[in-house]
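K.L.:
Fold the following.
(chains A, B, C and D, ligands or ions: 5)
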Amino acid sequence: RGGGDAGGSTKIVMAISTLNNPFFVELRDGAQAAAKKAGVQLNIVDAQNDSATQANQLATAAAGATKAVIVNPVDSDAAASAVKALTKADIPVVAVDRTVNGAALTSLVASDNVAGGRQAADELARSMGEKGSVIALQGVSGTSASRDRGAGFAEGMKAYPNITVVAKQTANFDRAAALDVTTNLMQAHPEVTGLFAENDEMALGAVQALGARAGTVVMVVGFDGTADGLAAIKKGTLVATIAQQPAELGKLAVELAVKAIKGTKVDKTVPVEVVSVTKTNVGDFAK
Amino acid sequence: MSTTTQPATRRGFDYKKFLANNGALVGLVVLCIALFIATPDFLTGQNLLNIGIQVSTVAVLAFGMTFVIVAGGIDLSVGAVAALSAMVSSWLFVGAGLPGWLALAGGLVAGLLAGVVNGLANAYGKLPSFIATLAMLSVARGLTLVISDGRPIKTPAEVSFLGGNLGPVPMPIVVLLVAALVASFLLNRTVIGRSMYAVGGNAEAARLSGLPVKRILVTVFALAGLFAALAGLLLAGRLDSAQPQAAAGYELDAIAAVVIGGASLSGGLGKISGTFVGALVLVVIRNGLNLLNVTSFWQQVVIGLVIALAVGVDVLRRKTRSS
Amino acid sequence: MSTTTQPATRRGFDYKKFLANNGALVGLVVLCIALFIATPDFLTGQNLLNIGIQVSTVAVLAFGMTFVIVAGGIDLSVGAVAALSAMVSSWLFVGAGLPGWLALAGGLVAGLLAGVVNGLANAYGKLPSFIATLAMLSVARGLTLVISDGRPIKTPAEVSFLGGNLGPVPMPIVVLLVAALVASFLLNRTVIGRSMYAVGGNAEAARLSGLPVKRILVTVFALAGLFAALAGLLLAGRLDSAQPQAAAGYELDAIAAVVIGGASLSGGLGKISGTFVGALVLVVIRNGLNLLNVTSFWQQVVIGLVIALAVGVDVLRRKTRSS
Amino acid sequence: MSQQPLVTLQNVGKTFGPVTVIKDVTVSVYAGKVQVLLGENGAGKSTLIKMMAGVYQPDAGRIVVDGKTVTLPTTRAAEELGIATIHQELNLVPTLSIAENVMLGRMPTRHGMVDRSALRNRARAALSLIGLDIDVDTLVGELGIARQQLVEIAKALSINARILILDEPTAALTRHETESLFAVMADLRSRGVGMLFISHHLDEIAEVGDTVTVLRDGEFIAEVPASTPEDELVKLMVGRSIEDQYPRNTGGAPQPAAPQPAETQSAEILSVEHLSSSGRFTDISFTVRAGEVLGIAGLVGAGRTELIRAIAGADHYDSGTVTVRGRALPRGNIQAAIKAGIGHVPEDRKGQGLVTSASVNDNLGYATLASTARLGLVDFAGQRSRAQAVATKLRIRMHTIDQPVGALSGGNQQKAVFGRWIIAASTVLLLDEPTRGVDVGAKVEIYELMNAITAAGGAIVMVSSELPEILGMSDRILVMRDGRLAGELTAAEATQDAVMTLAARDVDEKN
Ligand SMILES: Nc1ncnc2c1ncn2[C@@H]1O[C@H](COP(=O)(O)OP(=O)(O)OP(=O)(O)O)[C@@H](O)[C@H]1O
Ligand SMILES: Nc1ncnc2c1ncn2[C@@H]1O[C@H](COP(=O)(O)OP(=O)(O)OP(=O)(O)O)[C@@H](O)[C@H]1O
Ligand SMILES: O[C@@H]1[C@H](O)[C@H](O)CO[C@H]1O
Ligand SMILES: [Mg+2]
Ligand SMILES: [Mg+2]
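P.N.:
Numbers count the residues shown, from 1 in each chain, chains lettered A, B, ... in the order given. Ligands and ions are numbered 1, 2, ... in the order given. This is a model prediction of the structure:
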């Protein structure tokens, strides 16, 4: 096992947390393009956001003739034991988008969610003139993405004493839920002039709820830089989004995995820029 | 003698009967009073409109579910079928280039077909409705992802209109009320509607009385699919886009609304008005907790307790009344 | 004369009866043969062990669910209770500093208590089990988040042991088998187990025969809670951490396993062996589709179809047998 | 009688919501005596005994056991005082075995486990008491209604009670099983067990009873010795005398006095040819003419129910044809059968006849729901007036027509099933035990309805295990045995003995 050439029969399994989200779809697309270019077989499995399903999938991968595994953990802690089993079997593991805590990885390609949360706080504060009331929409409770972005945002907000976060509620990373929750929160807090959503889907739901107030009275900042999110920035309804580069993440992950199979040494961490996208630079990202 | 007393009770409003027939209404009223006391934001015209809009999706789904539960089945696929229908409609518009109104109709047909498949699998294929519709949940969600490649697709203007306004009145509320009237009419006034109660109450007795039990079951699931499609289009209209993950898990909300509304999962019981109240209970709880800004972790705890209480009040009321 | 024929049929293995009693077994076997032909990776020792490990959580949840469904109820809270129990256990260890084995016991007690509350609400509070356990689903999930503050917590070594190995044998498989034996024993051999069939099959008859229906119902839900806790600890052990979102949505899988296994949601029917087969069907489908590298969107479509087929095979078999 | 009663219901009363069902009734059970309760359907007999059985609590009066006032909050409490009950409606768990049903609530255990061999043995012993020889591991749901009734009886007998309540235990039994039951009762009586017995078969009263308490509309009317002549009992019970219990002129041919319809008197309406269904019945052929009542007799399990169901379209069959007025009916198609004029009253009213959660009005209307609708809309006003009319005609005793049919007394439920086909104007009635649990007065009403239907040119096939009814109402009698026709008798040549001989020939050999 190990070594081997990177011919058409080389099988890499990519375990993705969920494909029910455009972000990961783009990540997958980037990975598939890179795999095609490298001439390797890329098997994609989707855990539908369930850690245990993912553990099952990783175990199944280890049983097949898999040469390397790329994992996008549902949860960074929960993936550890399955990843350990893979490394024990000498299968290189590259983590993408989220890290794996407590297991040695061949490499990690990720953007920093905590830093992203801080950047979001800065963008929102700037657009609000560094004063006013803010609503924060949280992702699915208990997910690391929500935790890290929330923590980063809270940390970033400390720099702006004239801004208060008046309400924090979950909208489950979901556009429809964000629409209802934002509507309700605006009812209770009509004075609000800023809103941070932990992903673009929720930000777009909030924009829908705010109607004409989006981008004029209430400034909305999202996270991800999805196609819909970037379009909303062009339109002016979204002030900013913290763009990750999912396709780039996917591409790098495959390239690293192929290198690892060949036995080439790879960097332990490969950071991918998180960029604050606003009207001024949205042109560079538009797809 | 007894004939003279009959009309007497008829003349006045028979509030006892009304209460007895409208399950969780008392729970809903108590809930509203509590929220009215707790926050001034609750009883405002705008917030009531918001509640009306927010209840529309779940209520429309739950109306369709009422047919199924009355007939003694269950439909786990309504959320997924709602998403599929909206996605089909958006794809017909964006992908296949059909005119918007045809795309809208196509979405409704997709839901209807999914429902028919459920019904055939249950009535003729003899699959328990739980299994047939669980399978459909998976298939419909999968197809939605296949069609959309996991990305949201823009809705045609005709669908967005469903999520917009008709003059000062939000369209979702209009659609909701029309759907309620149609559902209630179907269930109460038509042969097929009344037959659903018989099938749910005792399928064998219904069959031996000559009711076409299988056809009724297919109709029941077809209606659930059609209402799910409408709910899906409503939701997509409000979001201006069909989402691959739209309405995920809404089936539990829909079933809960029907059960809170006084139906029994063993069939033969249920009313559209009850279901409407049940859906309102769920939505008002969430609206209220948002207004009160209960932190999201505790919110789930409180939602659970309030659901139990709202239904509990009803149980208690029936008990004291009967003894 | 008739006495001499009796033992004759008894002597040989009554495979007809075995098949008749083991619902989806035929479906499972067909499924396995198909996978064996389709991919060499399926029938390997390692993969079979994997399947054993992977089925453990759902099967243990489903064993608990079997009690509830046999007794005519439903338990939507098992997934949330599994997560809560694991979280309580981890918190007792990390937060309260209890020794690992006490923390493990504490987790089990937490599940048991949640189940008792479900049972009390259903039997004495007269809430339909659907509503009582839906409320518990929300409350338990909320409490899990509150306790953990939304973060995973490390499990004590005693819990991790449940997810590890006992010599060459994976512990989840050991736990699974023990749980199956205990559940089967309870349901088949004890008075309370047999009484569950009576309560689910005809509650009025059970009551008139002097069975303590309410106490039986409380026991049923308590057992479901306890088995859910075990499943939660097993899962946490495998992941080395208690996850706030663990086992989300598993209630549907558990119910599906029980129903695929031949139980009816109207109560009075169900067997642990059937449930085990039902859980295997679900897990083998997923395992197989992963091995075959069916793309994930289509995978959901195929899962749905295969569930319908696996149960359909059983329905067909019964039909041909009876005619 | 200075002897102290085992149990007395003293001046008890019971109301359900606004309805008073029992008013100030006193009844006692003595050791070694059989106390009979007599009354029309809905008179309150079952309600009364349920107070003794721990099912209902009286709203007035008291319960005295062995001279001490007691409360019976549960059935278990009653059982602990030695009171066992055979309820009118079957209370069995279809998904459990016969053995488990017999021992339900009292399963023998060893080391905390169900002791299966003891369970089977005790169940077998209980079944043998009433001569039921059947594998105790069979699921109860697989049994016909008569066998279920026997299981229910065995269950109560196995309790070894001092006081045994029997609420219409013979309603679903043929004479054969009834006799075994009476033998058991005689034995129990000789051992000092006190019994409370309910039956609508008046001939059984003198046979097993000692004293009779007559109820009417929930009130105590009289207590008379069981030897009281039947017509006197009837008068006490219904408040008037009934001239003829079987008001059919069974001189052989249909009543010539009846107005004849256009079709000739001898026109064949229903004809069944070579009907076979494997495992159920074999090669059955017969015809029924306009104006005729054809009785089908046989022992339990002879396949009569299956035959009727096949004709009605409720089940598929393997070969043969069913023809109504010259038109062959498609197999297994109930709607086609109904359209051809067939109305089917199944033997199990609770399981197959009624939607118990739905109203009397709805239940009466199911067969005509579609045919009376306009544009798919229910004809509510018409339905209500039709239902009201037929309820009045059949004298269905109810609080209102909107009350759930499940809350009616057993006999009145039976009338509701019947009424559905009256509304549907069915001309070929297939009746399976049509008067099971129906009181004498109501029976006569049902018979008169049958007469009216045949007089109007209709035809009736009646399966019944009550020989007097078969003999009294049939123009012609078919006897079935083991799924085959064992013989045919005209009304003139039919006697109890003649029928039983045909029905039981080799069954007796087996036993
Ligand atoms: N649970 C109930 N709720 C309302 N009314 C009831 C209930 N049980 C019985 N009744 C009414 O009480 C009356 C007496 O019923 P009961 O069953 O005691 O009659 P019965 O004498 O046993 O008749 P049958 O010979 O038909 O069995 C009936 O009118 C019936 O409708
Ligand atoms: N000898 C037998 N042993 C066991 N089961 C039998 C036997 N004969 C018939 N059965 C079963 O009993 C049922 C028929 O019982 P049922 O009593 O309904 O028949 P029936 O002729 O209509 O008699 P009745 O109308 O008197 O009840 C069928 O399901 C049949 O399979
Ligand atoms: O990075 C991804 C995306 O932001 C998605 O919207 C939610 O999950 C996160 O991990
Ligand atoms: Mg009675
Ligand atoms: Mg019969």
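
K.L.:
got a list of contacts for stretch B:85-102?
P.N.:
By C-beta atoms under 8 Å, 6 or more residues apart in numbering or on different chains, the residues outside stretch B:85-102 that reach it are B:103-104, B:106-108, B:110-111, B:114, B:144, B:147-148, B:153-159, B:228-229, B:232-233, B:235-236, B:241-244, B:246. In short, each C-beta sits where N, CA and C put it, glycine included.

K.L.:
try 6 Å
P.N.:
Contacting residues not belonging to stretch B:85-102 are listed as B:103-104, B:106-107, B:110-111, B:144, B:147-148, B:153, B:155-159, B:229, B:232-233, B:236, B:242 [C-beta atoms under 6 Å, 6 or more residues apart in numbering or on different chains].

K.L.:
The residue in chain B positioned nearest to ligand 3: neighbour count?
P.N.:
Going by C-beta to the nearest ligand atom, ligand 3 is nearest to B:Q245 of chain B, at 10.8 Å. For B:Q245, the neighbour count with other C-beta atoms under 10 Å in any protein chain shown is 24.

K.L.:
returning to what we had before: just the buried ones from the contacts of stretch B:85-102, in ChimeraX syntax?
P.N.:
To isolate the buried members of those in ChimeraX, using 16 or more other C-beta atoms under 10 Å in any protein chain shown:
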select /B:103,104,106,107,110,111,144,147,148,153,155,156,158,159,229,232,233,236,242
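
K.L.:
so of the contacts of stretch B:85-102, which ones are in strands?
P.N.:
B:I153, B:A242 (DSSP state E).

K.L.:
Just the contacts of stretch B:85-102: which are in helices?
P.N.:
Under the assignment DSSP state H, the contacts of stretch B:85-102 contribute B:103-104, B:106-107, B:110-111, B:144, B:147-148, B:157-159, B:229, B:232-233, B:236 to helices.

K.L.:
Would you mind listing the outside residues contacting the host helix or strand of A:F196?
P.N.:
When elements are assigned from DSSP states H and E, A:F196 belongs to strand A:194-197. Residues outside strand A:194-197 that contact it (C-beta under 6 Å, 6+ apart): A:120, A:124, A:128, A:132, A:134-137, A:153, A:203, A:206, A:218-222.

K.L.:
Give the next helix or strand downstream of that strand.
P.N.:
Taking DSSP H and E, what comes next after strand A:194-197 is helix A:200-210.

K.L.:
before we move on, the earlier item: and the residue of chain B closest to ligand 3, helix, strand or coil?
P.N.:
Going by DSSP: H, G, I helix; E, B strand; the rest coil, the secondary structure assigned to B:Q245 is coil.

K.L.:
what's near enough to touch it?
P.N.:
Applying C-beta under 6 Å, 6+ apart to B:Q245 gives the contacts A:N20.

K.L.:
at 7 Å what do you get?
P.N.:
B:Q245 makes contact with A:N20, A:D174 under the criterion C-beta atoms under 7 Å, 6 or more residues apart in numbering or on different chains.

K.L.:
One more: D:D66?
P.N.:
D:L6.

K.L.:
Which residues of the stretch 51-200 of chain B lie near chain C?
P.N.:
B:121, B:125-128, B:130-132, B:134-139, B:141-143, B:145-146 (C-beta under 7 Å from any C-beta of the partner chain).
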